[in-house]
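> generate a structure from the sequence data that follows.
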Amino acid sequence: MEFLDITLYDDDFLKMMLRFGVNLFFLTLIIKSLYYKSAERKDFVFTYYMISIIVFFLCFTLKKYELDIGMALGLFAIFGIIRYRTEQMEIKEMTYLFVVIGISVINSLANKNMSYAEIIAGNAIVVGAMYSIERVWALKHNARKEIVYEKIENIKPQNYQFLKEDLESRTGLTINKIKIGNIDFLKDTVHLTIYYYNGY
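As a prediction, this is how the structure comes out:
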């Protein structure tokens, strides 16, 4: 049955929803159970879910319909010119973004030559590897924060220990490195980047 030259239903609908269910299940394991429990950043949770969902349906559509190469390149060019004008993403957040996009592409583009057992196994291996690195190995993540500091006299090399102790007492963090940025002598302030281990 068709409506305005578009088929109302075909057998690919069940295939799409089943694959989307598998995709959403493993995305939730990655985003909610692994990423959010360690980073606790709701903004990236929203970003990861929406990008992965859009990528899944975009790839499924490109696979189902034989779009000409010009239209396909045009669609991806749109994504290429979009920039998130926010703070610079840490390498860990970029890695999670790559993972959720990769998982969505795999789940949407798998064809009849690939069984559901292989799809699920591939997803499980990715989640298992991420879990092992995040939880079992419990690797420390070298995080950083940008701050504006007013005790400008402490940035002298001979006062490094005073600077470190002052920053640690204010932030409650165990700092392993301090990088000095722009200095404003008129306001007696300096931009600092502090590095600390954020272990899970």
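
> in stretch 163-171, what's buried?
163-164, 167 (16 or more other C-beta atoms under 10 Å). Where you see a C-beta, it was placed from the backbone N, CA and C, and this is true even at glycine.

> grab the nearest non-local neighbour of residue 185.
Nearest residue to residue 185, sequence neighbours excluded (C-beta to C-beta, 6 or more residues apart in numbering): residue 152, at 7.5 Å.

> do you know how far the one you found is from residue 146?
Distance of residue 152 to residue 146, given as C-beta to C-beta, to the nearest Å: 17 Å.

> again with residue 54
31 Å.

> do residue 56 as well
Going from residue 56 to residue 146 by C-beta to C-beta gives 35 Å.

> the more surrounded of these two?
Neighbours of residue 56 and residue 146, each counted by other C-beta atoms under 10 Å, are more numerous for residue 56; the result is 25 against 12.

> contacting residues for the more buried one?
19-20, 23, 104-105, 107-108 (C-beta atoms under 8 Å, 6 or more residues apart in numbering).

> how close does it get to residue 20?
From residue 56 over to residue 20 the distance is 6 Å, taken as C-beta to C-beta.

> now do residue 54
Applying C-beta to C-beta, the value for residue 54 to residue 20 is 12 Å.

> for the two, indicate the residue with more neighbours.
Using other C-beta under 10 Å as the criterion, residue 54 and residue 20 rank with residue 20 on top: 18 against 13.

> name all residues that make contact with the more buried one.
Per C-beta under 8 Å, 6+ apart, neighbours of residue 20: 56-57, 107.

> helices along this protein, start to end?
Counting by DSSP state H, the chain has these helices, from start to end: 12-28, 37-39, 42-64, 69-81, 91-109, 116-131, 160-171.

> got the domain ranges for the protein?
For the chain, automatic domain parsing gives the domain ranges 2-136, 141-198.
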